[in-house]
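In: 3D, please:
(one chain, ligands or ions: 1)
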Amino acid sequence: MSEYSVNRATFDEVMVPNYAPQAMIPVRGKGSRIWDQEGHEYIDFAGGIAVNALGHCHPQLVKALKEQSEKLWHLSNVYTNEPALALAHRLTEISFAEKVFFCNSGTEANEAAFKLVRKYAFDHTGPEKHEIISFKSSFHGRSLFAVTVGGQPKYCEGYAPVPAGVTHLPYNDLEALKAAISDKTCAVVLEPIQGEGGVIPAETEFLKGVRALCDEHNALLVYDEVQTGVGRTGEFYAYMATGVTPDILTTAKSLGGGFPIGAMLTTDKVAKSFGFGSHGSTYGGNPLACAVALEAINLIHNDQVLANVSSKHELFRSELERINKTYGIFKEVRGRGLLIGAELTEDWHGKAKDFLAAAAKEGLMMLVAGPNVLRMAPSLIIPDEDIREGMAALERAVAKVVNQ
Ligand SMILES: Cc1ncc(COP(=O)(O)O)c(C=O)c1O
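Out: Sure, this is the predicted structure:
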């Protein structure tokens, strides 16, 4: 099949209409640049929604994939395999975790976590300890359990009945948690920075308070680091900056650098509740995915790469502030590392998508986080000149939207 035999209209003909992709179709990527069917070039600040942590087609990831593709593709979990074991081993070296469960996406990692917290409470206390506390505006994926735990009711609309026993509290509000948590709570689930919810960081004091309340009520603390993990915030995992360690951490997106993989990390004690036959996945721990992910994390778990994430954050911030001096469209620039949100002022509320579309026309791929926030989650190794070039494109786009 030639790549020119399909176009954007084909999408509307043959794809379920749950997405509304941009008009152009990317066909090739290198580093932080993308080319579409027409040969137009784009700077990529979207990073496949915080996935392409090493840009597109990083030579060492391509090499790892090619080498593994000539050895072994798939086995199922009836057998284990070397790349999965090596990756799990490395993840336990890098993080608090002592045990790893592999799957294929962030949603699946969360599904595993949400089932495990209930099973752990069931094993240690009993079925009455099944309540999960999560936070408004959070996002944990699109399975029925994940949209239920997620704090955005629109994703549950039309799918009732959803699993019971989930409460949503205001984020960063320790008093609300103090009032709601009880000995029936089996887990508190949170993103250290709410990504889809608008790039909203948790306050360190809040996280410390959550940990203490979980301990007091014998509830597990689950960090969804699907978006914040694997170097995105300038630490390998965001939890590492705060001195608060979760009992379960979910990771996906950047973990495979673009190859689908997810993982749930936990302690020996908690992992015991996922005994033989309690949960599973045909593809989880797939050798191709694990070989690529091992290469990706070895490249990212590097002091220089992580330090650069923080310095590139400063460049993003100063460029956004420069644009804002001229146009005054941003109320706040926030986030950590290379997960950056620029919230529009009230005048521009609801218009984030207009800026996204204008940026695409100027050769820049970006993201939004809800209707009021422009979001950037580029490659962790995006060159500074690509940042500057992308920001020049954003400035042209902002000028067009503001002056139209
Ligand atoms: C924090 C968080 N959790 C879970 C998910 C779901 O991950 P996936 O789309 O890989 O299933 C996302 C995706 O955006 C996310 O940002």
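In: name the element Lys331 belongs to?
Out: strand 330-336 (DSSP states H and E).
In: Walk me through which strands that strand pairs with, and which way each runs.
Out: Strand 330-336 sits in its sheet next to strand 339-344 (antiparallel), going by DSSP bridges.
In: Kindly check the end-to-end length of stretch 344-353 for me.
Out: One end of stretch 344-353 to the other measures 11 Å (Cα to Cα, to the nearest Å).
In: Rounded mean pLDDT for the strand holding Lys331, please.
Out: Averaging pLDDT along strand 330-336 yields 97.
In: what does that strand contact?
Out: 193, 199-201, 228, 233-234, 238, 241, 313, 317, 320-321, 323-324, 340-346 (Cβ atoms under 8 Å, 6 or more residues apart in numbering). Yep, even glycine has a C-beta here, placed from its N, CA and C like the rest.
In: cool, and stretch 302-316?
Out: 231-236, 299-300, 335-338, 340, 376, 380-382, 384, 387-388, 391.
In: roughly how far is that stretch from the heart of the chain?
Out: Centroid displacement of stretch 302-316 relative to its chain, using Cα atoms, centre = their mean, to the nearest Å, is 18 Å.
In: Quick one: check the strand holding Lys331 for contact with the ligand.
Out: No. Judged by Cβ under 6 Å from any ligand atom, strand 330-336 stays clear of the ligand, getting no closer than 13.1 Å.
In: Next, count neighbours for the residue in the chain that the ligand sits nearest to.
Out: Residue of the chain nearest the ligand, by Cβ to the nearest ligand atom: Gly106 (2.4 Å). By other Cβ atoms under 10 Å, 30 other residues sit near Gly106.
In: My understanding was that it contacts Lys253; is that so?
Out: Yes. Contact criterion Cβ atoms under 8 Å: Gly106 and Lys253 qualify, at 6.2 Å.
In: Pull up the overlap in contacts between these two.
Out: With Cβ under 8 Å, 6+ apart, Gly106 and Lys253 have common neighbours 226-227.
In: list the buried ones in the strand holding Lys331?
Out: 330-331, 333-336 (16 or more other Cβ atoms under 10 Å).
In: Do you have the helices of the stretch 201-350 of the chain handy? List them.
Out: According to DSSP state H, counting those that start in this stretch, the stretch 201-350 of the chain carries its helices in the segments 204-216, 268-271, 287-300, 303-327.
In: Quick one: work out the angle between the longest one and strand 330-336.
Out: Right, the one you point to is helix 303-327. 180 degrees (axes from the mean of the first three to the mean of the last three Cα atoms, to 10 degrees).
In: Next: the third one.
Out: Computed by the same axes, to 10 degrees, the angle separating helix 287-300 from strand 330-336 equals 100 degrees.
In: tell me what helix 287-300 is packed against?
Out: Identification of packing neighbours for helix 287-300 by 3 or more Cβ pairs under 8 Å, 6 or more residues apart in numbering; DSSP states H and E yields helix 59-69, helix 82-94.
In: Could you spell out the sheet neighbours of the following helix or strand past the longest one, each with its direction?
Out: So the one you mean is helix 82-94. Per DSSP H and E, the first helix or strand lying C-terminal to helix 82-94 is strand 99-103. Here strand 99-103 has these sheet partners by DSSP bridges: strand 262-266 (antiparallel).
In: neighbouring contacts of the partner strand?
Out: 91-92, 95-109, 112-113, 116, 226, 247-252, 255.
In: Can I get the buried part of the contacts of strand 330-336 as one ChimeraX selection?
Out: Remark: buried members of the contacts of strand 330-336, expressed as a ChimeraX selection using 16+ other Cβ under 10 Å:
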select :193,199,200,201,228,233,234,238,313,320,323,324,340,341,342,343,344
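In: Could I get the CA-only coordinates of stretch 57-75 as CSV?
Out: Taking C-alpha atoms only, stretch 57-75 is exported to CSV below (Å, rounded to 0.1, in the frame of the first residue of the first chain):
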residue,chain,number,x,y,z
CYS,A,57,13.2,7.1,15.5
HIS,A,58,16.1,7.5,17.9
PRO,A,59,18.9,5.4,16.4
GLN,A,60,19.6,3.4,19.6
LEU,A,61,15.9,2.5,19.9
VAL,A,62,15.7,1.6,16.3
LYS,A,63,18.7,-0.7,16.8
ALA,A,64,17.3,-2.3,19.9
LEU,A,65,14.0,-3.0,18.1
LYS,A,66,15.7,-4.3,15.0
GLU,A,67,18.0,-6.6,17.0
GLN,A,68,15.1,-8.0,19.1
SER,A,69,12.9,-8.4,16.0
GLU,A,70,15.3,-10.9,14.6
LYS,A,71,15.4,-12.9,17.8
LEU,A,72,12.0,-13.3,19.3
TRP,A,73,8.7,-11.4,19.0
HIS,A,74,6.2,-13.0,21.3
LEU,A,75,5.7,-15.8,23.8
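In: picking that back up, can I get the helices of the stretch 201-350 of the chain in a markdown table with mean pLDDT and distance to the ligand?
Out: Formatted as a markdown table, the helices of the stretch 201-350 of the chain follow (pLDDT from 0 to 100; distance: least, Cβ to the nearest ligand atom, whole Å):
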| stretch | mean pLDDT | distance to the ligand |
| --- | --- | --- |
| helix 204-216 | 98 | 16 |
| helix 268-271 | 98 | 19 |
| helix 287-300 | 98 | 13 |
| helix 303-327 | 97 | 18 |
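In: Of those, which stretch is the most buried?
Out: When the helices of the stretch 201-350 of the chain are scored by mean count of other Cβ atoms under 10 Å, the highest mean neighbour count falls to helix 287-300 (a mean of 24).
In: And the helix or strand where Arg118 lies, what does it pack against?
Out: Here Arg118 sits within helix 106-124, counting by DSSP H and E. Using 3+ Cβ pairs under 8 Å, 6+ apart, the elements in contact with helix 106-124 are strand 99-103, strand 131-135, helix 144-149, strand 185-190, strand 220-224, strand 248-251, strand 262-266.
In: Brilliant, that's me finished.
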